[in-house]
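A.B. asks: When you get a sec, could you give me coordinates for this:
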Amino acid sequence: MIDKLKVLAIDDRQDNLIVLQAIVSDAFPESKTFTATNGPSGIDIALTEDPDVILLDIVMPEMDGFEVCRRLKKDENTEHIPVVFITAMKTDSSTHIKALDVGGEGFLSKPFDESELIAQIRAMAKIKSANQMRKNERERLEALVFERTRELHEELEERQRLEKLYRLLAENTKDCIWLLKMDYEIAYMNPSCKELFGFSPEELQDKCLHELCDTEDRSKILAFFDSVRLEEASGRYLSLETELSRKDGGRVSVEMTARLVRDEKGRAIGFQGVTRDITERVASARKLEEAFYSLVRVVSDLVDKGDPYTAGHQRNVSRLAVAIAQELSLNNGLRESIAVSALLHDIGKLLVPAEILAKPGKLSEIEFELTKRHADAGYEILRNARLPWPVAEIIRQHHERLDCSGYPQALCGENIRLEARILAVADVVEAMSSHRPYRPALGVDKALEEIQANRGRLYDTEVVDACTRVFRERDFQF
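C.D. replies: Got it, this is the predicted structure:
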């Protein structure tokens, strides 16, 4: 109940505290007001009592209100408590901006209107409630992801344990053991090649190993044996995962392990190695990858549910960002990094009040500043996630612009990651093409006009050109 809220007032003047306590008690008879005459005491009370709103003076000895707010927002136990600055000092826009920068949610100048103070307290209590709900949901989701990740890890460890046990018991009898001449002709293959490739050892005698490959895989295998030659001084084995052809026309996923062989005089005479069927392992890895992406999509959908007006936005941005990456001929690692980052790029909006995200009119300065925090919030949520890509940093940078006008770090040019530059363009194009509560959809043509007009100033030139080609030449559609 909002009437039973807890209010903490921090002011070095006792008379101000008495006035605030009287106003709160009169407006909310069942409320409880705590007071502190200095910053450290106020922080201790906030940690102990978890108030619904903090009314904070700016000018205080020992520790001013800005520092108090900064410390409250850095502590995970108090960061969710809304802070309203109340001050008699002469203020200007820089004071208001500083209050927002340190994490304040509201600002009142003395003398203030009692009704405005009461309205601020009511609004902050709602924000506190919403923050707590989102915090609880985030913790529940993190626990769900952690538990599922643990289960997947245990499954993988169990598979690896069973695979080692199998190899020990079978003594590699099902692996295809072979010896090649220096020109890659097969000098020897054990009988397991029959099961693996469908060819008997006699049928493969004097054939070249790469004859079991398609043209694309053939070049990969030849490059692999070139690497084996270069590593011959170390005497270690090198491995390659690829696909080879079977006699019946089918394909088999294999892991090839090889090393260079020398005769008694130290001359290289060929290659020895083992080819193992890893079809099941590849399938398992794909299942784990699918499980990971399904979890990412679950989180992405959760973000969308918090803002029904942008449902599907992250998935659309991900599709377009990947298409741009393909147009730029980026490698698979970068494409995957971009895909995952785009699917999660608005996860920080879980910490933005839903009423602000769905507001049909223009946002106030405070509301806009709260919304802008989602980039940093997304970074904080994901920065400790053990991902193979810098997803957290990409998400933090997706609102940066080449001319340093973006946020939250005001990065410039090449200091912005390429993945973030791609995500920025895809984000703008999708957002302008889609309906928003404050305006109708503008369409793809207007979106492309926007990025072309700011090509080289706000948006990366190559990325803009690639995005334009994706729509104009590749017929991309959301």
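
A.B. asks: contacting residues around the residue most central in space within the chain?
C.D. replies: With distances taken as C-alpha atoms, centre = their mean, Val391 lies nearest the centre of the chain, 3.9 Å away. Contacts for Val391 (C-beta atoms under 8 Å, 6 or more residues apart in numbering) come out as Ser337, Val340, Ser341, Leu344, Leu382, Ala385. (C-beta placed from N, C-alpha, C; glycine too.)

A.B. asks: For it, give me the pLDDT.
C.D. replies: pLDDT, Val391: 92.

A.B. asks: out of everything not next to it in sequence, what's closest to it?
C.D. replies: Ser341 (4.9 Å; C-beta to C-beta, 6 or more residues apart in numbering).

A.B. asks: now swap in Asp11 and tell me
C.D. replies: Here the residue nearest Asp11, using C-beta to C-beta, 6+ apart, is Asp57, at 4.1 Å.

A.B. asks: just checking, that neighbour touches Gln14?
C.D. replies: No. In this structure, Asp57 is not within contact of Gln14 by C-beta atoms under 8 Å, at 11.9 Å.

A.B. asks: Output the contacts of Val391 in a markdown table, with pLDDT, secondary structure and distance to Glu449 appended to each entry.
C.D. replies: Output for these, formatted as a markdown table (pLDDT from 0 to 100; DSSP: H, G, I helix; E, B strand; the rest coil; distance: C-beta to C-beta, whole Å):
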| residue | pLDDT | secondary structure | distance to Glu449 |
| --- | --- | --- | --- |
| Ser337 | 92 | helix | 29 |
| Val340 | 90 | helix | 30 |
| Ser341 | 92 | helix | 26 |
| Leu344 | 88 | coil | 28 |
| Leu382 | 87 | helix | 33 |
| Ala385 | 83 | coil | 37 |
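
A.B. asks: what's the spacing between the residue nearest to the centre of the chain and Asn384?
C.D. replies: 11 Å (C-beta to C-beta, to the nearest Å).

A.B. asks: Name the residue in Asp57 and Gln14 with the higher neighbour count.
C.D. replies: Neighbours were tallied for Asp57 and for Gln14 using other C-beta atoms under 10 Å; the higher tally belongs to Asp57 (25 against 10).

A.B. asks: Report pLDDT for the more buried one.
C.D. replies: pLDDT, Asp57: 90.

A.B. asks: and it, what is it in contact with?
C.D. replies: Ile10, Asp11, Asp12, Arg13, Asn16, Gly65, Phe85, Ile86, Thr87.

A.B. asks: Which members of these are the farthest-apart pair?
C.D. replies: Spatially, the most separated pair among the contacts of Asp57 is Arg13 and Phe85, at 15.1 Å (C-beta to C-beta).

A.B. asks: In terms of neighbours, single out the busier of those two.
C.D. replies: Phe85 (27 against 13).

A.B. asks: which SS state does that one fall under?
C.D. replies: strand (DSSP: H, G, I helix; E, B strand; the rest coil).

A.B. asks: what do you get for Thr78?
C.D. replies: Thr78 is classified as coil under three-state DSSP.

A.B. asks: There's contact between it and Ala46 in this structure, I believe.
C.D. replies: Yes. Using C-beta under 8 Å, Thr78 makes contact with Ala46 at a distance of 4.9 Å.

A.B. asks: any residues in contact with both of the two?
C.D. replies: In contact with both Thr78 and Ala46: Leu72, using C-beta under 8 Å, 6+ apart.

A.B. asks: can you pull out the strands in the stretch 1-150 of the chain?
C.D. replies: In the stretch 1-150 of the chain, the strands defined using DSSP state E, counting those that start in this stretch lie at 6-10, 32-36, 53-56, 83-87, 106-109.

A.B. asks: returning to what we had before: quick one: which of the contacts of Val391 is nearest to Ala447?
C.D. replies: Relative to Ala447, the closest of the contacts of Val391 is Ser341; by C-beta to C-beta it sits at 20.2 Å.

A.B. asks: okay, now that closest one: neighbour count?
C.D. replies: Ser341, neighbours per other C-beta under 10 Å, totals 31.

A.B. asks: now do Arg281
C.D. replies: So Arg281, with other C-beta under 10 Å, has 16 neighbours.

A.B. asks: Are there helices or strands packed against the helix or strand containing it, and which ones?
C.D. replies: Here Arg281 sits within helix 279-305, counting by DSSP states H and E. Secondary-structure packing of helix 279-305 (3 or more C-beta pairs under 8 Å, 6 or more residues apart in numbering; DSSP states H and E): helix 114-170, strand 251-262, helix 313-327, helix 332-343.

A.B. asks: follow-up on the earlier one: more crowded one of Thr78 and Ala46?
C.D. replies: Ala46 (23 against 18).

A.B. asks: list the contacts for the more buried one?
C.D. replies: Contacts of Ala46 (C-beta under 8 Å, 6+ apart): Leu8, Ile54, Leu72, Thr78, Ile81.

A.B. asks: Now do the buried residues in stretch 384-396.
C.D. replies: Trp389, Pro390, Val391, Ala392, Ile394, Ile395, Arg396 (16 or more other C-beta atoms under 10 Å).

A.B. asks: beta partners of Arg276?
C.D. replies: Using DSSP bridges, the bridge partners assigned to Arg276 are Glu255.

A.B. asks: Counting neighbours, what do you get for it?
C.D. replies: Count around Arg276 with other C-beta under 10 Å applied: 20.

A.B. asks: Would you agree it is in contact with Val254?
C.D. replies: Yes. In this structure Arg276 lies within contact range of Val254 using C-beta under 8 Å: 6.3 Å.

A.B. asks: Which member of the contacts of Asp57 is positioned nearest Phe112?
C.D. replies: Ile86 (6.7 Å).
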